[in-house]
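Participant: I need the structure of the sequence given here:
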Amino acid sequence: MFGDMKRSRIIALSAAFIALIALGSWVSVPFFPVPLTLQTLFVLLAGAVMHRYSVIPVTLYILLGALGLPLFHNGIAGIGILLGPTGGYLIGFIPAALIVGLAYETRADRVHVIGLAMATLIIYACGISWLMYSTGMGIAAALAMGMLPFLLGDVIKASAAYMIAKRLP
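Facilitator: The predicted model follows:
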């Protein structure tokens, strides 16, 4: 392992992105109709920076939060959060990071944008599916509560991830 720069970079970036995603869960930006947190921004950015290896910090973030570290929104933690109505969104972070990561393994900006959009849709698909299952809501109610209020904010966060990633080496 000594001298393996790629592995060292993955470990360092994993630690940084776990911290950034956790920090992003505490940042609540007042926004209409619901406040924004920055978790998804850092999940998408992890994919853009770490490519396919972005699943490592995202999975560890969810695992550490499930094990009781206060990493989720406003310092909540535990497996109950993953089993609650918002758990699907958190689980959706994992495939979302992978999709963005694979998209950023190419040099085509169009593929980057498609990857960011698909990742956001995957988070919604996982979140809304679990919201419907865990609460017994119908599809219309789940979309109205679990997606529509967040769309504009998520477009802004995906755009920010795209612009930030363009400026990174």
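
Participant: Would you mind pulling up the elements that the worst-scoring helix or strand of the chain on mean pLDDT packs against?
Facilitator: Here the helix or strand of the chain ranked lowest by mean pLDDT, DSSP states H and E is strand 28-29, holding a mean of 82. Here strand 28-29 touches strand 36-37, going by 3 or more C-beta pairs under 8 Å, 6 or more residues apart in numbering; DSSP states H and E. For glycine as for every other residue, the C-beta is placed from the backbone atoms N, C-alpha and C.

Participant: what are the ranges of the helices in the protein?
Facilitator: 5-26, 39-50, 55-66, 79-83, 87-103, 109-135, 139-146, 151-167 (DSSP state H).

Participant: Who are the packing partners of the third one?
Facilitator: Going back to what we said before, that points to helix 55-66. helix 5-26, helix 39-50, helix 79-83, helix 87-103.

Participant: ok, back up a step: could you look over the helices of the chain and pick the most buried one?
Facilitator: Of all these, helix 39-50 carries the top mean neighbour count, a mean of 26, counting by mean count of other C-beta atoms under 10 Å.

Participant: related to what we said a few turns ago, of all the helices of the chain, which lies closest to H73?
Facilitator: The closest of the helices of the chain to H73 is helix 5-26. By C-beta to C-beta, the value is 4.9 Å.

Participant: Tell me where the model's unsure across this protein.
Facilitator: 1, 32-34 (pLDDT under 70).

Participant: and with 90 instead?
Facilitator: Within the chain, the set of residues satisfying pLDDT under 90 comprises 1-4, 28-36, 73-75, 169.

Participant: residue contacts, H51?
Facilitator: Contact analysis of H51 by C-beta atoms under 8 Å, 6 or more residues apart in numbering lists 101-102, 104-105.

Participant: quick one: which of these is nearest V55?
Facilitator: The closest of the contacts of H51, once distances to V55 are taken by C-beta to C-beta, is G101, at 7.1 Å.

Participant: How much space separates the closest one from G136?
Facilitator: Per C-beta to C-beta, to the nearest Å, G101 is found 34 Å from G136.

Participant: what would the helices of the chain look like in a markdown table with distance to H73?
Facilitator: Listed next are the helices of the chain as a markdown table, based on distance: least, C-beta to C-beta, whole Å:
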| stretch | distance to H73 |
| --- | --- |
| helix 5-26 | 5 |
| helix 39-50 | 8 |
| helix 55-66 | 10 |
| helix 79-83 | 8 |
| helix 87-103 | 9 |
| helix 109-135 | 13 |
| helix 139-146 | 15 |
| helix 151-167 | 14 |
